[in-house]
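*Asks:* Pasted the sequence and its predicted model underneath.
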Amino acid sequence: MSFPVDLGGTSMNADRAPLALDKSTRTLYSRAILSPSSLTDQERRLITYRPPRAAVTA
C-alpha cells in the first residue's frame with residue numbers, strides 16, 4: 001500500500017507495505033522502541049534502511 005505525500009512542491013508515494021522481519025531484526029526493532037539510546041550507530045543504520053521494493057520481492 002502506498003499513499004501520496006506532499007513535501008511542499010515535491011510529492012512522492014510512501015510505501016507502507018509491511019516487511020517480513022526475521023527474529024534478530026524483530027528483536028532489534030523491539031530494543032529500538034524500548035530503549036533507543038542502547039542502540040549502536042550500526043544498529044541505527046540497520047533499522048532505518050528500507051530496501052527497495054524490488055529487492056524485497058526478488
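*Replies:* Thanks, I have it.
*Asks:* And the next helix or strand past the longest helix seen in the chain?
*Replies:* Counting by DSSP state H, the longest helix found in the chain is helix 23-34. Toward the C-terminus, helix 23-34 is succeeded by helix 41-48 as the next helix or strand (DSSP states H and E).
*Asks:* Which strands or helices does the longest helix of the chain pack on?
*Replies:* Under the contact definition 3 or more C-beta pairs under 8 Å, 6 or more residues apart in numbering; DSSP states H and E, helix 23-34 sits against helix 41-48. All C-beta atoms are positioned from the backbone trio N, CA, C, and that covers glycine.
*Asks:* orientation of the helix it packs on relative to helix 23-34 in degrees?
*Replies:* 100 degrees (axes from the mean of the first three to the mean of the last three C-alpha atoms, to 10 degrees).
*Asks:* what is the mean pLDDT for helix 41-48?
*Replies:* Mean per-residue pLDDT for helix 41-48: 86.
*Asks:* helices or strands up against that helix?
*Replies:* Under the contact definition 3+ C-beta pairs under 8 Å, 6+ apart, helix 41-48 sits against helix 23-34.
*Asks:* Buried residues in the helix it packs on, which are they?
*Replies:* With burial defined by 16 or more other C-beta atoms under 10 Å, the residues of helix 23-34 counted as buried are 28, 32.
*Asks:* contact partners of that helix?
*Replies:* With contact meaning C-beta atoms under 8 Å, 6 or more residues apart in numbering, helix 23-34 is reached by 21, 38-39, 43-44, 46-47.
*Asks:* burial of residue 47, as a residue count?
*Replies:* Under the neighbour criterion other C-beta atoms under 10 Å, residue 47 is assigned a count of 13.
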